[in-house]
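**Student:** Have a look at this fold, sequence not included:
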């Protein structure tokens, strides 16, 4: 038996875009969609829910407890449970991952709004800001760093967790792991790991950039 | 609900080498082994880095990298490289996954102790090591326990996936069920793992009650 190299570049070149559904580029595209949608849905749901938790404090304890429980469930468990409801579709991965994203994002929104200093809030009131406008123009922008920190965690975990979906046939790049395992062939596995980590680093970098653009004052203060 | 009745109602599920008790024990065995090794590495390291302030960069990088690493890929690669058959290679990815949450929380816990408190301890004549063990550690304990809890849950979850590479444990019910399209087995296994994850969560909350000093808890 000849020594199998860890990476066979010719395999990558042949399978990068072979037109089929198992082409690396097709899997990558699938992976991005399945990782991104849960974070987007999570954010859309977490913002109003987080606001409600700040407005009515008694809501927060039960919500946090529920999210804590959800987060402690293994992803494969949620995928398997949803499998009997949604079948072999992308939703079987996207819906559970949305819950995971929510579990990270709701506390982030609540903590973010709680981190707004009281004098800031009072100044806004004194300047005649009504609650809705105060929220949009003052409180949410000040909360951005904390919310974005949560968003970064949610995004990176989502990108990594999608691959577990390969066990139910919906894993994007995770399918490379199954392929490599079944054929005892290292290259697809290495390609999968490297692409997922690169994707996570890229997404994280974009969010850091977004934070810089959204909160120009924090840089000004540091420079001063 | 029919699935659950099918799975848990079947008497043959409760005995034999692939019955629920044996699988549960297997799951607990290698989860505990991986968790203990990770804790033995990460807790002292986190305490040391938090106390001395040296090597903080390692902690930050490890934390971010660990979140991005795909568990399934790591598992498959390590097992392929090391060869199938022994349990040890499967433990490696589990240990690697469990170290960062413990390391980060231990480090943050020790480093985050109020500077006044630290000064007071030195002022009372305690030496470096005594400050670490008598003052910093008890105050940091809630965060250290949080890290241990996150790691334990991650190990229990990931051990499920490890059934894919031939490991025993509760994941077998899910993986085998998926392979043979026996959904009663998939759902039954999923419920068992979920119950175990919740039990671990609960056990750590209890531990928190018992070992954290009431004074520290009040301040929180």
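**Tutor:** That came through fine. Being a predicted model, the structure only gives us computed values, none of them experimental.
**Student:** buried set for the helix or strand where residue A:50 lies?
**Tutor:** Using DSSP states H and E, residue A:50 sits in helix A:24-55. Using 16 or more other CB atoms under 10 Å in any protein chain shown as the test for burial, helix A:24-55 gives A:24, A:26-28, A:30-32, A:34-39, A:41-43, A:45-46, A:49-51, A:53-54. C-beta coordinates here come from the backbone N, C-alpha and C atoms, glycine included.
**Student:** Over to stretch B:10-17?
**Tutor:** In terms of neighbour count (16+ other CB under 10 Å), stretch B:10-17 has its buried residues at residue B:13.
**Student:** Other residues contacting that stretch?
**Tutor:** Here stretch B:10-17 makes contact (CB atoms under 8 Å, 6 or more residues apart in numbering or on different chains) with B:7, B:19-22, B:188.
**Student:** Swap in 6 Å and give it another go.
**Tutor:** Residues outside stretch B:10-17 that contact it (CB atoms under 6 Å, 6 or more residues apart in numbering or on different chains): B:19-20.
**Student:** Low-confidence regions, chain B specifically.
**Tutor:** For chain B, the stretches flagged by pLDDT under 70 are B:1-2, B:84-86, B:217-220.
**Student:** before we move on, the earlier item: and the helix or strand just after the helix holding residue A:50, which residues are buried?
**Tutor:** Following helix A:24-55 in sequence order, the next helix or strand is helix A:60-72 (DSSP H and E). Neighbour-count burial for helix A:60-72 flags A:60, A:63, A:67, A:71-72 (criterion: 16+ other CB under 10 Å).
**Student:** Over to stretch B:30-40?
**Tutor:** Neighbour-count burial for stretch B:30-40, counted by 16+ other CB under 10 Å, picks out B:30-31, B:33-35, B:37-39.
**Student:** any bit of it sitting next to chain A?
**Tutor:** No: when contact is scored as CB under 6 Å from any CB of the partner chain, no part of stretch B:30-40 falls within range of chain A; the minimum is 11.5 Å.
**Student:** gap between that stretch and the chain center?
**Tutor:** 7 Å (CA atoms, centre = their mean, to the nearest Å).
**Student:** Show which residues not belonging to that stretch make contact with it.
**Tutor:** Stretch B:30-40 is contacted by residues B:91, B:94-95, B:98-99, B:102, B:152, B:155-156, B:159 when judged by CB under 6 Å, 6+ apart.
**Student:** how does it look with 8 Å?
**Tutor:** Residues outside stretch B:30-40 that contact it (CB under 8 Å, 6+ apart): B:87, B:90-91, B:94-95, B:98-99, B:102, B:148, B:151-152, B:155-156, B:159, B:162, B:167, B:169.
**Student:** Give me the buried subset of these.
**Tutor:** Burial by neighbour count, judged by 16+ other CB under 10 Å, picks out B:90-91, B:94-95, B:98-99, B:102, B:148, B:151-152, B:155-156, B:159, B:162, B:167, B:169 from the contacts of stretch B:30-40.
**Student:** give me every residue that touches the residue most central in space within chain A.
**Tutor:** Most central in chain A under CA atoms, centre = their mean is residue A:155, positioned 2.3 Å from the mean C-alpha point. Counting by CB under 8 Å, 6+ apart, residue A:155 makes contact with A:35, A:39, A:200, A:203-204, A:207.
**Student:** now swap in residue B:97 and tell me
**Tutor:** Applying CB under 8 Å, 6+ apart, the residues contacting residue B:97 are B:66, B:69, B:71, B:74, B:151, B:154-155, B:158.
**Student:** redo that, cut-off 7 Å
**Tutor:** The contact partners of residue B:97, taken as CB atoms under 7 Å, 6 or more residues apart in numbering or on different chains, are B:66, B:71, B:154-155, B:158.
**Student:** likewise residue A:180?
**Tutor:** Listed by CB under 7 Å, 6+ apart, the contact set of residue A:180 reads A:186-189, B:76.
**Student:** of all the residues you listed, which two lie farthest apart?
**Tutor:** For the contacts of residue A:180, the farthest-apart pair by CB to CB is A:187 and B:76; their separation is 12.3 Å.
**Student:** So between the two, which is more surrounded?
**Tutor:** The residue with more neighbours, out of residue A:187 and residue B:76, is residue B:76; 30 against 21, by other CB atoms under 10 Å in any protein chain shown.
**Student:** can you tell me the helix or strand for that one?
**Tutor:** Per DSSP H and E, residue B:76 falls inside helix B:71-82.
**Student:** which parts of chain B sit against chain A?
**Tutor:** Selection of chain B residues close to chain A by CB under 7 Å from any CB of the partner chain yields B:3, B:67-74, B:76-77, B:80, B:153, B:157, B:160-161, B:164, B:174, B:178, B:183, B:186-187, B:190, B:193-194, B:197-198, B:201.
**Student:** Quick check, residue B:55 in contact with residue B:48.
**Tutor:** No: here residue B:55 does not reach residue B:48: they are 8.0 Å apart, not a contact under CB atoms under 7 Å.
**Student:** Give me the more crowded residue out of those two.
**Tutor:** Taking neighbours as other CB under 10 Å, residue B:55 and residue B:48 compare with residue B:48 leading, 15 against 12.
**Student:** What strand or helix carries the residue nearest the centre of chain B?
**Tutor:** In chain B, the residue lying closest to the centroid (CA atoms, centre = their mean) is residue B:152, at 2.0 Å. Assigned by DSSP H and E, residue B:152 belongs to helix B:137-161.
**Student:** ok, then the element right after that helix?
**Tutor:** Counting by DSSP H and E, what follows helix B:137-161 is helix B:171-180.
**Student:** Which secondary structure elements does that next one sit against?
**Tutor:** helix B:137-161, helix B:183-211 (3 or more CB pairs under 7 Å, 6 or more residues apart in numbering or on different chains; DSSP states H and E).
**Student:** Flag every buried residue along stretch A:178-185.
**Tutor:** For stretch A:178-185, by 16+ other CB under 10 Å, it's A:178-181, A:185.
**Student:** I'd like those written out as JSON lines, with secondary structure added.
**Tutor:** Putting those into JSON lines (DSSP: H, G, I helix; E, B strand; the rest coil) gives the following:
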{"residue": "A:178", "secondary structure": "helix"}
{"residue": "A:179", "secondary structure": "helix"}
{"residue": "A:180", "secondary structure": "helix"}
{"residue": "A:181", "secondary structure": "helix"}
{"residue": "A:185", "secondary structure": "coil"}
